[in-house]
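[1] A structural model of the following input is requested.
(one chain, ligands or ions: 1)
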Amino acid sequence: MRYQRASQDRKQQGKSVGDQDKLNLAEITKRGWADAGSFTDNDRSASRHATKDRPEFELLIEQIKAGKGDVLVIWEISRKERDLAVYVKIRDMCTEAGLYFWLVGGVLFDLRDKNDRMMLGFQAVQAEWLADPIRDNVLRGIVGAAEAGRPHGRLTYGYRRVYDQGTKALLRQEPDTEIRKATAADGTVTEYSYAGIVRDSFAKVARGVPLITVENELNGRGIPSPRGSTWRRSMIRKQVLNPAYIGKRVFRGEVIGDGIWPALVDEDTYWACVRLLEDPSRTTTRAGRAVHLLSYIVRCGVCDGPIASSHGNHRSREGRLYSCLRKRCAAVKSEFLDEYVQRTVVAWLSLPETGEMLSALSGGDEQVAHARAEAGRLRAELEDWRRLAETGDVTAISFARAEKGLTAQIADHEERAQEAGIPPVLRGMLGEHAARKWAELGDEVAVKREIIRTVAEIRLLPAGKGSRQPFGAHRLDWKWRFGPEAEENGA
Ligand SMILES: [Zn+2]
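    Sure, this is the predicted structure:
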């Protein structure tokens, strides 16, 4: 009986299973024996750390137990079984079954001979000693790869890995922009790419679109989740909190440095998602529980401590108050402050100058340049299609199809170029529709909080003894976070 086995370790200087098979058969033929069966395991590790089962090996064991064969032919002991304990087990099993002869690498051993047993035992010990460093090297390879910023393990959704055709070595990990098709339940077919889905989910979550809406849109289009099933909120949440998408390498839950792959989203968008999803107000939106728009965003103008919501006086009809949490330096009726701050912020978002200023802040941005270039390239492509359609080289139908796709892509890139410098949470919130957009946010308090926090630094000042002046600008120290210092709001 012959047994051949290959190891996954390419660097190991062992013979291939094909070579082992030829050598083993040659030994059998040379000796004029009859071949009682050949057992080959390909790409299986026989070391004691291996987890894969080896069916052919099991068959061999069965044959030995059944008393088949007179000689076990193997090329080298490490090829048969590296585990010392298993070696001893097979040896004893062979002795019991009366299979006394092992032909190892052309040398015949008799298991009944104590000298031969010692030689085989020595080979098994040596094989085990050789197997352990291999496993150690595999582990070191994983840690080393993490440290060097190389990806390993499961591929992050949205990327693909490019390998060298010859050496199979990893060349790079890049955004997976391959166009795929998804079919909705009603038969509507839409196109998407893995990278596009990731970018889209980030952009939406950063703008404050609820995870449930993102989930419904993806499932509605029939786009399979990374696991091939339907999307769940938890998956989208995990995705937009994954630092791998800003090109960071995570190892055992910690960011350990830059990866060798490019970011799929910009850091502004990533951190906006983190802030929105980890905002405490988002986790307290259970029914019946009030969510306070400005708690911990507005600070005390006297001691700089946080302003938090409190019950006020239960017996009066005062309602809720925002007050300095530490020393009660200043307090205001919640509805006054909520109303004033929202009105001021929405007015600022509505100003045409605000949008212009924010866009101008990112004038030389690389992303903006890239998006503009891409929009330009697509416009040129669209022109080519038009020419081909005019000369009759493409049909009207294929032109219409190309035009539809390209126009959408151009719009997408132009929008990206326009919005690249604008904080993600403000995208789509600027200009004449600001008030309507704000109203549409409804009880998405986390989004409103993120917008307010992004645009202004607000401190509450004490009312002053005996002041009968109604609540207004004089009670606030207000600084816009964008624009020249001169734009500080005093009115
Ligand atoms: Zn205070």
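
[2] which ones are touching L406?
    If a contact means Cβ atoms under 8 Å, 6 or more residues apart in numbering, then L406 has L378, E381, L382, W385 as its contacts. (C-beta placed from N, C-alpha, C; glycine too.)

[3] so M357 makes contact with F482?
    Yes: with contacts counted by Cβ atoms under 8 Å, M357 reaches F482, the gap being 6.4 Å.

[4] re the thing from before, wait, which of the contacts of L406 is closest to the ion?
    Each of the contacts of L406 was checked against the ion using Cβ to the ion; the closest is L378, at 55.1 Å.

[5] A helix includes the closest one, no?
    Yes: with DSSP: H, G, I helix; E, B strand; the rest coil as the criterion, L378 is part of a helix.

[6] please renumber so the chain begins at 18
    In the new count, where the first residue is 18, that last one comes out as L395.

[7] what sits against it?
    With contact taken as Cβ under 8 Å, 6+ apart, L395 is in contact with L423, Q426, I427, H430.

[8] kindly give a single ChimeraX line that selects the buried subset of those residues.
    Burial among these is assessed by 16 or more other Cβ atoms under 10 Å; the matching ChimeraX selection reads:
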select :423,426,427,430
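
[9] and of the contacts of L395, the nearest to P369?
    Taking Cβ to Cβ as the measure, H430 is the one of the contacts of L395 closest to P369, at 23.2 Å.

[10] as a check, name the ranges of all helices in the stretch 18-167 of the chain.
    Listed in chain order, the helices of the stretch 18-167 of the chain (DSSP state H, counting those that start in this stretch) span 34-47, 72-82, 94-97, 101-114, 131-164.

[11] list the buried ones in the fourth one?
    Within helix 101-114, the residues that qualify as buried are L101, V103, Y104, I107, R108, C111, counting by 16+ other Cβ under 10 Å.

[12] which of the contacts of L423 ranks first by neighbour count?
    Neighbour counts for these were taken using other Cβ atoms under 10 Å; the highest belongs to L395, with 20 neighbours.

[13] nearest residue to that one in space, please, no chain neighbours.
    I427 (4.8 Å; Cβ to Cβ, 6 or more residues apart in numbering).

[14] contact partners for the one you found?
    I427 makes contact with A392, L395, R396, L399, according to Cβ under 8 Å, 6+ apart.

[15] out of those, which two sit at the greatest distance?
    The largest separation in these, counting by Cβ to Cβ, is between A392 and L399 at 10.5 Å.

[16] distance from the strand or helix carrying E373 to the middle of the chain?
    Under the criterion of DSSP states H and E, E373 resides in helix 369-378. Distance of helix 369-378 from the chain centroid (Cα atoms, centre = their mean, to the nearest Å) equals 33 Å.

[17] return the helix or strand in the protein with minimum mean pLDDT.
    One helix or strand of the chain scores below all others by mean pLDDT, DSSP states H and E: helix 94-97, with a mean of 52.

[18] what is the helix or strand hosting I469 packed up against?
    For I469, the host element (DSSP H and E) is helix 462-472. With contacts taken as 3 or more Cβ pairs under 8 Å, 6 or more residues apart in numbering; DSSP states H and E, helix 462-472 sits against helix 284-294, helix 297-300, helix 351-367, helix 451-458.

[19] burial measure for the closest residue to the ion within the stretch 168-317 of the chain, as a count.
    Nearest residue of the stretch 168-317 of the chain to the ion (Cβ to the ion) works out as C317 at 3.2 Å. The number of residues packed around C317, counting by other Cβ under 10 Å, is 23.

[20] so it bridges to which residues?
    On the basis of DSSP bridges, C317 takes part in beta bridges with L477.

[21] and the pLDDT at W92?
    Here the pLDDT value assigned to W92 is 67.

[22] equivalent analysis for R266, please.
    Among the per-residue scores, R266 holds a pLDDT of 76.

[23] can I assume it sits in a strand?
    Yes: inclusion of R266 in a strand is indicated when three-state DSSP is applied.

[24] that one contacts N259, doesn't it?
    No: with contact defined as Cβ under 8 Å, R266 does not reach N259; the gap is 11.4 Å.

[25] more crowded one of those two?
    Each of R266 and N259 has its neighbours counted (other Cβ under 10 Å); R266 has more, 22 against 19.

[26] grab the nearest non-local neighbour of the more buried one.
    Using Cβ to Cβ, 6+ apart and skipping the chain neighbours, the partner closest in space to R266 is G276 (4.3 Å).

[27] surely P479 is within a helix?
    No: the assignment for P479 by three-state DSSP gives coil, which leaves it out of any helix.

[28] interface residues of the stretch 68-217 of the chain facing the ion?
    With the criterion set to Cβ under 5 Å from the ion, the stretch 68-217 of the chain never comes near the ion.

[29] now swap in the stretch 368-508 of the chain and tell me
    Proximity of the stretch 368-508 of the chain to the ion is not found for any residue under the rule Cβ under 5 Å from the ion.

[30] quick check: which ranges of the stretch 368-508 of the chain have low pLDDT?
    Flagging of the stretch 368-508 of the chain using pLDDT under 70 yields the residue ranges 379-386, 435-438, 483-484, 501-508.

[31] one more: the stretch 218-367 of the chain?
    Across the stretch 218-367 of the chain (using pLDDT under 70), the flagged ranges come out as 268-273, 296-308, 329-335.

[32] give me every residue in it lying close to the ion.
    Of all the residues in the stretch 218-367 of the chain, those lying near the ion are C317, V319, C320, G322, C341, K344, C346, going by Cβ under 5 Å from the ion.

[33] mind listing what the closest residue to the fifth one other than its chain neighbours touches?
    Okay, so that is C341. Taking Cβ to Cβ, 6+ apart as the measure, C341 lies nearest to C317, with 3.9 Å between them; neighbours along the chain are not counted. With contact set as Cβ under 8 Å, 6+ apart, C317 has these partners: P323, I324, C341, L342, R343, K344, C346, A347, R476, L477.

[34] quick one: C317 from F219, how far?
    Applying Cβ to Cβ, to the nearest Å, one obtains 35 Å for the distance of C317 from F219.

[35] my guess is L137 contacts V121. True?
    Yes: under the criterion of Cβ under 8 Å, L137 is in contact with V121, at a separation of 7.1 Å.

[36] tell me which residues in stretch 114-130 are buried?
    When burial is assessed from 16+ other Cβ under 10 Å, stretch 114-130 yields the following buried residues: L116, Y117, F118, W119, L120, V121, G122, F126, L128.

[37] can you measure across it, start residue to end residue?
    End-to-end distance of stretch 114-130: 16 Å, with Cα to Cα, to the nearest Å as the criterion.
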